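J.: What shape does this take:
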Amino acid sequence: MTQSNVVESPHVHTHGRVGPGATTYAIDKLQAALRHAPAPVVSSWLTIDAAAPGNRIDADANVNGTHIHVHAVGASLREAVDLMQERLRSRLRRMRRRQTQGPLAPPVVSEAAAVSEVERDDLGPDVGQ
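T.: Below is the predicted model of the structure:
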């Protein structure tokens with residue numbers, strides 16, 4: 001299920017020394033993962049933090065009102081970006097599966113059946129069994 005309405009340019013925040021090649025690579029990986037979203041992507045954010053212990057990447061996306069957040073830490077920015085993409089794609093797959101899953105709807109009880117249940121309860125414990 002591929003969506004063609006991926007946000008063209010995510011909001012990008014960088015901390016520390018992050019080269020333009022690393023930023024472009026992270027944006028490309030984020031957009032590639034968001035192409036698998038089960039609903040329209042309203043907005044997305046990417047935080048690249050090379051100043052943190054390790055190299056940390058945070059990705060946030062608003063997929064039709066549902067907020068998704070993933071982060072990853074790697075020995076290099078490239079490794080962190082690849083881990084972020086894997087986690088984001090996993091989260092989006094789970095989101096797609098949940099649309100068809102979930103608790104079953106309660107059975108519909110007709111009004112006549114509900115009335116007969118109430119009348120039976122009013123008659124006492126042994127009557128009508």
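
J.: all strands for this structure, in order.
T.: Counting by DSSP state E, the chain has strands at residues 11-15, 41-49, 55-63, 66-74.

J.: okay, these, which one's buried deepest?
T.: The highest average neighbour count among the strands of the chain, using mean count of other C-beta atoms under 10 Å, belongs to strand 55-63 at a mean of 22. Where C-beta positions appear, they are placed from N, C-alpha and C, glycine not excepted.

J.: do you know how far residue 23 is from residue 75?
T.: Using C-beta to C-beta, to the nearest Å, residue 23 is found at 19 Å from residue 75.

J.: Make CSV from the strands of the chain and add mean pLDDT to it.
T.: Converted to CSV, the strands of the chain look like this (pLDDT from 0 to 100):
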stretch, mean pLDDT
strand 11-15, 93
strand 41-49, 94
strand 55-63, 94
strand 66-74, 94
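
J.: Quick one: list the elements packing against the longest helix along the chain.
T.: In the chain, taking DSSP state H as the definition, the longest helix is helix 77-98. Secondary-structure packing of helix 77-98 (3 or more C-beta pairs under 8 Å, 6 or more residues apart in numbering; DSSP states H and E): helix 20-34, strand 55-63, strand 66-74.

J.: Looking at the ones you listed, which is nearest to residue 44?
T.: With respect to residue 44, and counting by C-beta to C-beta, the nearest of these is strand 55-63 at 4.4 Å.

J.: now what about the closest one, what contacts it?
T.: By C-beta atoms under 8 Å, 6 or more residues apart in numbering, the surrounding residues in contact with strand 55-63 are 26, 30, 33-34, 37-49, 67-77, 79-81, 83-84, 88, 92, 95.

J.: Give me the sheet partners of that strand and which way each runs.
T.: Strand 55-63 sits in its sheet next to strand 41-49 (antiparallel), strand 66-74 (antiparallel), going by DSSP bridges.

J.: With distance to residue 11 as extra columns, can I get these in a markdown table?
T.: What follows is the strands paired with strand 55-63, written out as a markdown table (distance: least, C-beta to C-beta, whole Å):
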| stretch | distance to residue 11 |
| --- | --- |
| strand 41-49 | 5 |
| strand 66-74 | 14 |
